[in-house]
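Enquirer: Fold the following and give me the result.
(one chain, ligands or ions: 1)
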Amino acid sequence: MSKIKSLIRKNDKSIPIAITSDSKNTDNTSLDMTSKSNTPIEQTRWNGWGNVSINKKVSPHGAKLIKSHIGTTNKLKSVSLQQVLKTVPKSRLPAELTDLNMVSTDQEVRLRHARGQSFPDWIAMHGGDFEVFPDGVAFPESTDDVEQLLKLAQEHDLIVIPFGGGTSVVGHINPQKGSRPVLTIAMSKMDQLIDLDTESQIATFGAGTQGPAVEAQLDEHGYRLGHYPQSWELSTLGGWIAARSSGQQSLGYGRIEQMFAGGTLVTPQGVLNIADIPASSAGPDLREMMMGTEGRAGIFTTVKMRVQSQPEQELFKVAFLPNWAAGKAVLKQAVQSNVRLSMLRLSNAVETDAHLHLGTTPSQFLAISTYLKARGLSSDKVMLTYGVSGDKAQNKLALTQFNKLLKQHGSVTGKLTDIMGNIWAHGRFKFPYLRGTLWEKGIMVDTFETATNWINIDEQMAQMQDAVKTSLADEGEDVMAFTHISHVYKQGASLYTTYFFRAAKDHAATLKRWQKIKKAASLSLANGTATISHQHGVGRDHAPYLVAEKGELGLQVTSDMIKSLDPEQRMNPGVLLEE
Ligand SMILES: Cc1cc2nc3c(=O)[nH]c(=O)nc-3n(C[C@H](O)[C@H](O)[C@H](O)COP(=O)(O)OP(=O)(O)OC[C@H]3O[C@@H](n4cnc5c(N)ncnc54)[C@H](O)[C@@H]3O)c2cc1C
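Expert: Residues are numbered from 1 along each chain as shown. Okay, the predicted model is just below:
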């Protein structure tokens with residue numbers, strides 16, 4: 001017990017260090033959440049995640065745990081930026097476009113808009129085989145600019161790719177080989193709050209505004225959007241709407257569908273203004289129809305978002321429960337009985353163990369494990385992270401109701417777990433940086449996710465994990481996999497699986513391994529009761545599996561709708577629907 005007390009004291013002082021208080025493992029910089037404009041693309045990694053000045057270290061015993069599952073690893077060699085720049089071909093854009101100030105054909109600009117953040121994108125960026133680059137990148141500053149660009153695209157028969165933050169993990173923004181030149185339209189200069197109607201609580205933004213700039217500009221007026229995907233640092237309003245994103249606090253603030261009220265979509269057939277009316281029974285909902293179009297119907301230029309006052313108080317906490325069944329029961333009962341929490345996230349036992357390893361030094365791990373064991377929890381224990389956001393009285397009531405549920409199901413909570421909640425909250429946008437750190441060690445990591453009804457949750461989780469774990473059996477390779485629930489609904493929940501595997505001898509062979517895993521993972525979801533994606537969208541990687549969810553007729557309806565706005569198939573063809 002004295003060890004625990006000293007751990008708490010140590011961590012009390014060092015929460016900003018997040019995952020570990022061991023000086024050898026400290027991360028070098030904190031994220032800046034206060035900037036009112038977007039992060040300039042030059043400040044981001046050209047071949048990986050996030051801001052170049054930020055790194056996240058992995059605890060040695062966390063890496064050891066992963067290797068105990070997958071075996072010893074070898075690092076893949078990475079090419080340099082200079083090497084890749086030499087492979088960027090001459091632009092095919094006509095002079096009428098290249099003469100515009102808003103269009104760049106600079107090789108590095110084109111390279112930085114050629115790939116997103118999917119596993120194949122990382123392989124391309126590190127192996128140097130980008131295959132295709134956009135012929136140019138436009139940086140419009142207004143709806144008029146976007147209209148002009150689409151008009152020129154039509155006149156010169158160009159392919160157009162709308163680009164938000166480029167954080168897609170499913171191949172949304174990658175140009176394809178073809179005879180038509182490719183113009184990527186990057187929305188990064190449309191990053192400002194344009195209007196705030198405090199009476200209706202509607203904020204109008206440029207659609208290219210990234211997460212931190214959205215919140216910093218609203219915060220100045222005492223408002224909040226509350227959309228926090230893990231990619232928040234770089235992803236944008238337009239990308240969230242176009243790919244139907246979901247943030248970590250979706251339980252309290254809603255998914256992007258609940259936040260998006262309307263706006264302007266510039267399509268090849270003209271400008272579609274979606275009125276921001278609170279509710280309507282006037283036929284099919286255009287707002288809903290345009291969400292999730294993934295750049296195929298047009299480009300969102302300004303978007304109207306439902307915002308709310310800054311909460312008086314926001315808290316994040318952690319509890320441990322004896323096993324998955326107990327944790328799941330708590331989640332289900334809390335959401336179905338309307339306990340007003342802002343988030344619920346339940347890690348299964350393997351993920352709980354991995355997080356405890358990755359987030360601690362060996363001595364901290366031992367202390368926490370001993371403490372939890374003394375409180376009656378075994379290796380089946382699961383970690384539940386939860387939060388409240390609102391006025392203090394409302395939060396107090398929600399926590400009282402939730403604590404009752406936790407107790408009924410044998411939870412362990414206390415000062416230590418409260419500290420763990422703070423640590424999670426402080427480090428939550430830094431987790432993506434771990435991917436690069438693990439990559440450097442030859443540990444490949446990727447994720448996939450779904451949602452299904454409560455009645456299917458356990459079977460679906462087992463299928464997802466089994467599928468990926470056995471997918472490399474023909475090569476004698478082991479894959480480590482674990483899962484959490486991170487978004488809950490009365491009807492069901494999302495499941496998010498993370499998996500680790502070893503890099504093969506080179507980039508091409510490693511990509512082949514990933515393709516096998518991805519196919520097995522996708523087939524485990526294409527069963528008619530789970531979605532191919534709860535929050536990452538369809539892109540190119542999920543398009544072949546969409547039919548299981550929508551049916552042939554459903555795909556036909558979607559295709560017809562898109563063609564009515566883009567008859568020449570100019571906008572991001574091949575994304576969402578295979579064509
Ligand atoms: C580390 C990491 C963590 C992630 N975590 C989450 C998460 O927690 N929740 C979640 O929902 N997603 C998550 N994602 C996925 C990704 O961030 C989302 O899909 C996000 O919505 C993409 O936004 P973006 O601005 O980067 O769009 P991009 O990647 O640039 O584009 C995505 C799609 O939207 C289209 N698009 C972009 N802007 C516009 C526009 N203005 N008008 C029309 N179409 C447009 C593009 O053409 C493309 O088809 C994560 C990704 C990474 C890399």
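Enquirer: Residue 112 versus the residue nearest to residue 539 when sequence neighbours are not counted, what's the distance?
Expert: Leaving aside its chain neighbours, residue 539 sits nearest to residue 170 (3.1 Å; criterion: C-beta to C-beta, 6 or more residues apart in numbering). C-beta coordinates here come from the backbone N, C-alpha and C atoms, glycine included. Residue 170 sits 19 Å away from residue 112, going by C-beta to C-beta, to the nearest Å.
Enquirer: check contacts around the residue of the stretch 251-400 of the chain found nearest the ligand.
Expert: Distances between the stretch 251-400 of the chain and the ligand by C-beta to the nearest ligand atom are smallest at residue 295, namely 2.5 Å. Contact analysis of residue 295 by C-beta atoms under 8 Å, 6 or more residues apart in numbering lists 161-162, 172-173, 242, 571-572, 575.
Enquirer: ok, back up a step: the residue nearest to residue 539: neighbour count?
Expert: Residue 170: 28 surrounding residues under other C-beta atoms under 10 Å.
Enquirer: Please list all residues in contact with it.
Expert: By C-beta under 8 Å, 6+ apart, the contact set of residue 170 is 118, 533, 536-542.
Enquirer: Residue 124 reaches residue 132, doesn't it?
Expert: No: in this structure, residue 124 is not within contact of residue 132 by C-beta atoms under 8 Å, at 9.8 Å.
Enquirer: Looking at those two now, which is surrounded by more residues?
Expert: Set residue 124 next to residue 132 and count neighbours by other C-beta under 10 Å: residue 124 wins out with 21 against 15.
Enquirer: which phi and psi does that one have?
Expert: phi -60, psi -40 (degrees, to the nearest 10).
Enquirer: Distance of the spatially closest residue to it that is not a sequence neighbour relative to residue 386?
Expert: In space, and not counting its chain neighbours, residue 124 is closest to residue 130: 5.2 Å by C-beta to C-beta, 6+ apart. According to C-beta to C-beta, residue 130 stands 42 Å off from residue 386.
Enquirer: Compare neighbour counts for those two and give me the winner.
Expert: Set side by side, residue 130 and residue 386 show more neighbours around residue 386, with 25 against 18, by other C-beta under 10 Å.
Enquirer: still on that earlier bit, could you save the contacts of residue 170 as JSON lines and add columns showing distance to the ligand?
Expert: Shown next, in JSON lines, are the contacts of residue 170 (distance: C-beta to the nearest ligand atom, whole Å):
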{"residue": "118", "distance to the ligand": "8"}
{"residue": "533", "distance to the ligand": "9"}
{"residue": "536", "distance to the ligand": "5"}
{"residue": "537", "distance to the ligand": "5"}
{"residue": "538", "distance to the ligand": "9"}
{"residue": "539", "distance to the ligand": "7"}
{"residue": "540", "distance to the ligand": "10"}
{"residue": "541", "distance to the ligand": "12"}
{"residue": "542", "distance to the ligand": "11"}
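Enquirer: Quick check: the gap between residue 450 and residue 555.
Expert: The gap separating residue 450 from residue 555 is 19 Å, by C-beta to C-beta.
Enquirer: which one of these two has more residues nearby?
Expert: More crowded of residue 450 and residue 555, by other C-beta under 10 Å: residue 450, with 29 against 17.
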